[in-house]
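Undergrad: Here's a sequence, model it:
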Amino acid sequence: MSRITLPRLCVAAAGAATAVLLTAVPAAAHTEVEADKAQALAENVTVSFHAEAESDTSGIKEVRVVLPEGIAPADVTFGEGPKGWRFSATDDGYTVKGAELKTGEGAEYSVVVRQLPDAEEVPFKTLQTYGDGHVDRWIELDENGDNPAPTLKLKAAAPGAKPISPSPSASASPSPTPEEMTPEASPQAADTGKDDEGGLSAGAWTGIGAGILVAAAAVVFAVRRRGGAEE
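TA: Numbering: from 1, shown residues only. Next comes the predicted model:
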């Protein structure tokens, strides 16, 4: 092999190795997350987010997050955010929104989580909406994806840490079980002696008529018996 060919091969091999290394690096999430206590089962944790602006023509006006398994919407409260922005819980997470930010300005905000789940990492799928209606979707769970969800890596739970009871939700009261449902007498069964207008029903009048006939028959029988005895 010539002296010229060998260096060229080395350069080509180095270039190929560099390309492989670059493709192996996970895509950086453009919405970042961190916590003051990034530990499984930690309580009252402040989780901070930084959503980078990706648009050159419009500003961010809303950030919607789908919470990971183990964190309920009722367990999350608002910390801080852009001036005038408000926090609202949804069925599967929450939204933080308000007046459109300046073009190119990232949205920084924080929430307080009642307790983190017992997991190694928790992803927060994020939808980032701009004033012109464009939406950035940082929802991929694969860290090598083009739009990876911001993911918080957690340390192992502290010794003795346990899950706390779920927060009471604002859902409707559960339907009573068959055992709890006491059957009630129907209005018809309870008021058999009255018709719909408040008077006696046909059955009641029939009973009264039958009673009168029986009484009349008894009187006639008694009169005839007395007359026969006098003869």
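
Undergrad: Could you pull out the strands in this protein for me?
TA: 31-35, 43-51, 60-66, 76-78, 86-89, 93-97, 107-115, 121-123, 125-130, 135-138, 151-153 (DSSP state E).

Undergrad: Among the ones you listed, single out whichever gets nearest to Pro163.
TA: Ranking the strands of the chain by proximity to Pro163 (CB to CB) places strand 107-115 first, at 6.9 Å. All C-beta atoms are positioned from the backbone trio N, CA, C, and that covers glycine.

Undergrad: Give me the mean pLDDT for that closest one.
TA: Strand 107-115 shows a mean pLDDT of 98.

Undergrad: Then stretch 51-68?
TA: Here the average pLDDT along stretch 51-68 is 97.

Undergrad: and the end-to-end length of that stretch?
TA: Length of stretch 51-68, first residue to last, CA to CA, to the nearest Å: 18 Å.

Undergrad: Tell me the buried residues in that stretch?
TA: For stretch 51-68, the neighbour count (16 or more other CB atoms under 10 Å) marks 51-53, 58-68 as buried.

Undergrad: Helices along this protein, start to end?
TA: 5-24, 187-190, 202-230 (DSSP state H).

Undergrad: circling back to that earlier point, farthest pair in the buried residues of stretch 51-68?
TA: Checking those with CB to CB, the most distant pair is Ser58 and Pro68, at 28.8 Å.

Undergrad: what's the domain layout of this structure?
TA: Structural domains annotated on the chain: 31-153, 193-231, as defined by automatic domain parsing.

Undergrad: Surely Gly98 touches Phe78?
TA: No - judged on CB atoms under 8 Å, Gly98 makes no contact with Phe78 at a distance of 11.6 Å.

Undergrad: Return every residue with contacts to both of the two.
TA: With contacts taken as CB atoms under 8 Å, 6 or more residues apart in numbering, the residues that reach both Gly98 and Phe78 are Arg86.

Undergrad: lowest confidence element among the helices and strands of this structure?
TA: Ranking every helix and strand in the chain by mean pLDDT, DSSP states H and E puts helix 187-190 at the bottom, with a mean of 38.

Undergrad: tell me the contacts of Gln128?
TA: With contact set as CB under 8 Å, 6+ apart, Gln128 has these partners: 31, 51, 54, 60, 62-63, 107, 135-138.

Undergrad: at 10 Å what do you get?
TA: The neighbours of Gln128, taking CB atoms under 10 Å, 6 or more residues apart in numbering as the test, are 30-31, 51-55, 60-65, 106-107, 134-138.

Undergrad: now Val113
TA: Under the criterion of CB under 10 Å, 6+ apart, the contact list for Val113 reads 35, 37, 42-47, 67, 70-72, 75-77, 79, 122, 152.

Undergrad: That one and Val65: what is the separation?
TA: Val113 sits 11 Å away from Val65, going by CB to CB, to the nearest Å.

Undergrad: Overlap of the contact sets of these two?
TA: 47, 76.
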